[in-house]
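> need a structure here:
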Amino acid sequence: MRRDAVIGVVLAGWLSFGATSAIGQGLTPVPKANPKVTGVSVPNVLSVELADVIRAQGSMVLENPRDWAAFYGYNNDRPNLLPALGSNAEATKTEPDKNTYLVLHGQRGGDPSYDYGTYFLFRGHENGAGGKGYITRINLDADVAHRVTLMATKDDLGNPLPAFDGSTWYPWAQRLLFTREAGANGGVWQATLDVPSKVEDVSGVFGRGGYEGIQADSDGNLWIVEDVGGARGTVNNNALRPNSFIYRFVPYDKSDLKSGGGKLQVLGVKSKRHLGNIVFNTSDTADTAILSLDVRDLHTYGLAFNTEWITIHDTAVSGTTTPFDANALAKAQGGTPFKRPENGMFRPGTHFREFFFTETADTNANTQAGSEFGGFGGLFKLSQRRPSDNTGTLTLFFLGDVDHTSFDNLAFWTEDLLVAVEDRGDSLHAQHNALDSAWMFDVRLDFSHPSNQPIRILAQGRDPSATIDSALLGTTGFQNDGDNEITGLHVSDGDPSPNGILGAKTPRPFNGSWRVFYTQQHGDNVTYEIVPNPHVAEAVGDDDDRGRRDRN
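Below you'll find the predicted structure:
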């Protein structure tokens, strides 16, 4: 049997939900996380049916470098990318973050005579020397010399771009949107597809906040997930107070987010304990808030909470586009705080009626909050009859524990299978002797039953560069992060029309135009594409050939 036919057979088996595995389309679970061992680098381990292919990595030179941007994953602020032996002086690592995949025609780059193809991966960079960021595009059809294009280092006013976290494509305005997770200095920026890209700060309509995840619904509303760490308790000194919010931006003109303006709303969740919403009570101490009964209720299986969207800023009322503090308004006007939610995604096939979001929480094995009070985070589901409705229902989908914790990015693999990745950080890696994992959940299951468990499909490794950085953490003058982190998990067919926004179609990885990407952030800053393992397909082909010979 020809290899392409074999792969088709294998994928057809994966894409029909098999009886051999309650979760995972027949993907073999990875049995354990990689351990954190001082001075030892380890490879990534994926389900045996999967492999990953490098599409870009940090030392790759940009085809059109300028300003502080010379490499995909490094600034040019130091003469050496990696430290010399016995030194901790290395270039600042840019940490490429959330991936956005688009199929486009007629894209230009740094070389006017070059054909850049049709398949592109965009992202902002989460870190940079002096807080300066930039936007890059991976040209998936291009040779190495043209593989990564620098799109912009400055905005339309000449200001250096900040470090970006989240990204998405907003088809109605034909703009890429990037978020900055920096509290009252955060916000939203929009960028054209040109090279150089025209980048505009649109935080005058979206507000300033610790924005990270951003996704559009079918009505053109933008749902934004905020990550702002709260105060640490005095007694509960390994736990953080809930301090982050879920927002929805309702535009007045989908074709022009900046000039058209709109309403920013915050999610309010009704308490089971008292009248009104679960709110950030300024009279509570951090210790009281960390172990409040409302927080425990939110992290209890089987409870359904009524929700409402509260308008906290309206450009039609304010009459200005002066940036405002969204987090402060959310607290003042009845929004419900969560323990560091980072990203959210609409479930395909629900017509944008179900929105799942992660909660990273305390990233500390010794959190006094434990699972009961959300110390290990979890996954939530927000349900509404229509995406623009002002009321809905919130439920806990999965309660984190020390083995499944610190959830950050997420993506729907199919309409029923959700993958969430961890961002434990170096301290929790050491405490629990486990690097990060990617977990696959069947959203049809009730995870309050101990027999229902997600499966690990990726055990993050640690590349040599991150291994060096982990050893250098805390040394005077060292400015980079340590262990690798999984980020930018992205499943998309690249459709740039409104019909292609995430959640509008049912994903089918490796089938037709559907592709899967993620970035191994920190260290070598490698962006991968996940593909079928060709050796598994080859083995199936060998078995098929043997069977045919036996039958003959």
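> Please make it C-alpha for all contacts and neighbour counts, starting now.
Fine.
> got any ranges where this protein has weak pLDDT?
Applying pLDDT under 70 to the chain flags residues 1-25, 537-552.
> one more time with 90
Within the chain, the stretches with pLDDT under 90 are 1-26, 78-88, 320-321, 511-512, 535-552.
> Does anything pack onto the longest strand along the chain? Which helices or strands?
In the chain, taking DSSP state E as the definition, the longest strand is strand 304-314. Here strand 304-314 touches strand 262-269, helix 326-332, strand 391-399, going by 3 or more Cα pairs under 8 Å, 6 or more residues apart in numbering; DSSP states H and E.
> okay, the angle between that strand and strand 391-399?
Taking axes from the mean of the first three to the mean of the last three Cα atoms, to 10 degrees, one finds strand 304-314 and strand 391-399 inclined to each other by 120 degrees.
> Can you list the strands that strand 304-314 pairs with?
strand 262-269 (antiparallel), strand 391-399 (antiparallel) (DSSP bridges).
> Same list, the ones you listed, but as CSV with mean neighbour count please.
Formatted as CSV, the strands paired with strand 304-314 follow (neighbours: other Cα atoms under 10 Å):
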stretch, mean neighbour count
strand 262-269, 25
strand 391-399, 21
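> between those, which one is nearest to E49?
For the strands paired with strand 304-314, proximity to E49 was assessed by Cα to Cα; strand 391-399 is nearest, at 25.8 Å.
> Can you give the distance from that closest one to the centre of its chain?
20 Å (Cα atoms, centre = their mean, to the nearest Å).
> Kindly report the same for stretch 204-215.
For stretch 204-215, the distance to the chain centre is 15 Å (Cα atoms, centre = their mean).
> Rebuild the helices and strands packed on strand 304-314 as a markdown table, extending it with distance to V250.
Formatted as a markdown table, the helices and strands packed on strand 304-314 follow (distance: least, Cα to Cα, whole Å):
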| stretch | distance to V250 |
| --- | --- |
| strand 262-269 | 5 |
| helix 326-332 | 14 |
| strand 391-399 | 15 |
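> Any idea which of those gets closest to G374?
Taking Cα to Cα, strand 391-399 is the member of the helices and strands packed on strand 304-314 nearest to G374, at 7.5 Å.
> Check what contacts the closest one and list those residues.
For strand 391-399, the external contacting residues (Cα atoms under 8 Å, 6 or more residues apart in numbering) are 269, 298-309, 371, 374, 376-385, 443, 446-448.
> closest one to Q215 among the strands paired with strand 304-314?
With Cα to Cα, the closest approach to Q215 among the strands paired with strand 304-314 belongs to strand 262-269: 14.2 Å.
> okay, now the closest residue to F407 other than its chain neighbours: neighbour count?
Spatially, and ignoring its direct neighbours in sequence, F407 is nearest to E422 (4.4 Å; Cα to Cα, 6 or more residues apart in numbering). Using other Cα atoms under 10 Å, E422 has 24 neighbouring residues.
> Repeat that for the one 3 residues further on.
Applying other Cα under 10 Å, we find 18 residues neighbouring G425.
> Kindly report the same for S513.
Neighbours of S513 under the rule other Cα under 10 Å: 13.
> Likewise for R66?
Other residues within reach of R66, judged by other Cα under 10 Å, total 13.
> What of the one 10 residues further on?
Counted with other Cα under 10 Å, residues neighbouring N76 total 20.
> Could you do P79 as well?
Neighbour number of P79 under other Cα under 10 Å is 10.
> rewinding a little: so what touches the longest strand of the chain?
Counting by Cα under 8 Å, 6+ apart, 248, 261-272, 326, 329-330, 333-335, 390-395 sit against strand 304-314.
> rerun that using 6 Å as the cut-off
262-270, 390-395 (Cα atoms under 6 Å, 6 or more residues apart in numbering).
> Which of those sits closest to G500?
G262 (23.2 Å).
> Mind checking what secondary structure L428 has?
helix (DSSP: H, G, I helix; E, B strand; the rest coil).
> ok, it to P242 distance?
19 Å (Cα to Cα, to the nearest Å).
> Look at these two and report which has more neighbours.
With neighbours defined as other Cα under 10 Å, L428 and P242 compare such that P242 has more, 27 against 22.
> wait, isn't that one in contact with G335?
No - assessed by Cα atoms under 6 Å, P242 is found out of contact with G335, at 11.6 Å.
> is it true that D469 lies in a helix?
Yes - when three-state DSSP is applied, D469 is found to be in a helix.
> Tell me what T168 is bridged to.
L177.
> Tell me how many other residues surround it.
If we define neighbours as other Cα under 10 Å, then T168 has 24 of them.
> returning to what we had before: what's the closest of the strands paired with strand 304-314 to W223?
W223 sits nearest to strand 262-269 of all these, at 9.4 Å, using Cα to Cα.
> Skip ahead from that closest one and say which helix or strand is next.
Helices and strands here follow DSSP states H and E; after strand 262-269, the next one along the chain is helix 286-290.
> buried residues in that following helix?
By neighbour count with 16 or more other Cα atoms under 10 Å, helix 286-290 contains the buried residues 286-287, 289-290.
> Reformat these as TSV; add distance to D481.
Listed next are the buried residues of helix 286-290 as TSV, based on distance: Cα to Cα, whole Å:
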residue	distance to D481
A286	28
D287	29
A289	30
I290	28
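> returning to what we had before: helices - which of the contacts of strand 391-399 land there?
Mapping those onto helices (DSSP state H) picks out L298.
> could you list every residue that touches N44?
459-461 are the contacts of N44 under Cα under 6 Å, 6+ apart.
> wait, which of those is closest to R208?
Of the contacts of N44, the one sitting nearest to R208 (Cα to Cα) turns out to be Q460, at 32.7 Å.
> thinking that closest one is in contact with D436, fair?
Yes - using Cα under 6 Å, Q460 is in contact with D436, at 5.3 Å.
> Give me the residue at the spatial middle of this protein.
N409 (3.0 Å; Cα atoms, centre = their mean).
> Now that residue: which helix or strand?
Residue-wise, N409 maps onto strand 407-412 under DSSP H and E.
> picking up where we left off before, from D97, how far out is the residue nearest to the centre of the chain?
Note on N409: its distance to D97, by Cα to Cα, is 10 Å.
> Repeat that for A326.
According to Cα to Cα, A326 and D97 sit 23 Å apart.
> for the stretch 51-200 of the chain, what spans make up the strands?
61-66, 69-71, 100-103, 119-124, 135-139, 148-152, 167-170, 175-180, 187-191, 199-201 (DSSP state E, counting those that start in this stretch).
> Of all these, which one is nearest G503?
strand 167-170 (12.6 Å).
> mind listing what's buried in that closest one?
Neighbour-count burial for strand 167-170, counted by 16+ other Cα under 10 Å, picks out 167-170.
> and of these, the nearest to N127?
N127 has its nearest neighbour among the buried residues of strand 167-170 in S167, at 14.6 Å by Cα to Cα.
> what's the closest one in contact with, if anything?
Per Cα under 6 Å, 6+ apart, neighbours of S167: 98, 177-178.
> Show me just the buried residues among those.
98, 177-178.
> Next, format those residues as a markdown table and append distance to M151.
Output for the buried ones among the contacts of S167, formatted as a markdown table (distance: Cα to Cα, whole Å):
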| residue | distance to M151 |
| --- | --- |
| K98 | 16 |
| L177 | 13 |
| F178 | 13 |
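> Cheers, nothing more for now.
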